[in-house]
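# Predicted structure and sequence below. I'll ask about it afterward.
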Amino acid sequence: MLLRESGRHYGESYSLDGISGDGDGGVPHGRPLLDFAEAVLEGADAAIAPARRALVAAVGEAGFVDAAGVVASFNAVVRIADATGIPVEPFKLAQTVEERAALGIDDWH
């Protein structure tokens, strides 16, 4: 996983707990970032405005713009990959066994 490898390279850590809704991912401002991303991707109109306000309060307007761009990009990339049926490369499967098990990703197949 890209985040895992870049974290190792820079000596930083993260946590998968944010994905399950139980934590902040172990990153600065993780909870407001996750809340905003979830509201946008779920299309929860009532949740987007308060999540946006909380994120702007946490990271400022420039940080919010960056976060919105990341949410949009990841959403687009994942949809394109899913729609085209791009398979996961074998080396990535081998490197992500623990993460996929922790998140239950393999249960979707």
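Great, that's in hand. Just so it is clear, the model here is predicted, and its values are computed rather than measured. Numbers count the residues shown, from 1 in each chain.
# Now do the helices in the protein.
With DSSP state H as the criterion, the chain has helices at 2-10, 30-42, 45-84, 90-95, 97-103.
# mind listing what's buried in the last one?
Of all the residues in helix 97-103, those buried under the rule 16 or more other C-beta atoms under 10 Å are Arg100. (Each C-beta comes from the backbone N, C-alpha and C, glycine too.)
# which helices and strands does it pack with?
Using 3 or more C-beta pairs under 8 Å, 6 or more residues apart in numbering; DSSP states H and E, no helix or strand is in contact with helix 97-103.
# Using CSV, write out every CA atom in that helix.
Taking C-alpha atoms only, helix 97-103 is exported to CSV below (Å, rounded to 0.1, in the frame of the first residue of the first chain):
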residue,chain,number,x,y,z
VAL,A,97,-2.6,-9.4,3.3
GLU,A,98,-2.7,-8.0,6.9
GLU,A,99,-4.5,-4.7,5.9
ARG,A,100,-7.1,-6.6,3.7
ALA,A,101,-7.8,-9.0,6.6
ALA,A,102,-8.1,-6.2,9.1
LEU,A,103,-10.6,-4.3,6.9
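# Where does pLDDT dip in this protein?
1-7, 13-21, 109 (pLDDT under 70).
# The same query, at a cut-off of 90, please.
Along the chain, segments meeting pLDDT under 90 span 1-28, 30, 38, 41-45, 73-109.
# Next, find the distance separating the spatially most distant residue from the centre of the chain from Ala44.
Each residue of the chain has a distance to the centre, and by C-alpha atoms, centre = their mean the biggest one is for Pro90: 22.2 Å. According to C-beta to C-beta, to the nearest Å, Pro90 stands 37 Å off from Ala44.
# Surely Ile48 touches Glu38?
No. Here Ile48 does not reach Glu38: they are 9.9 Å apart, not a contact under C-beta atoms under 8 Å.
# Ala58 and Leu34 touch, don't they?
No. Using C-beta under 8 Å, Ala58 is not in contact with Leu34, being 11.3 Å away.
# so which of the helices of the chain is the most packed in?
Among the helices of the chain, ranked by average contacts under mean count of other C-beta atoms under 10 Å, first place goes to helix 30-42 (a mean of 19).
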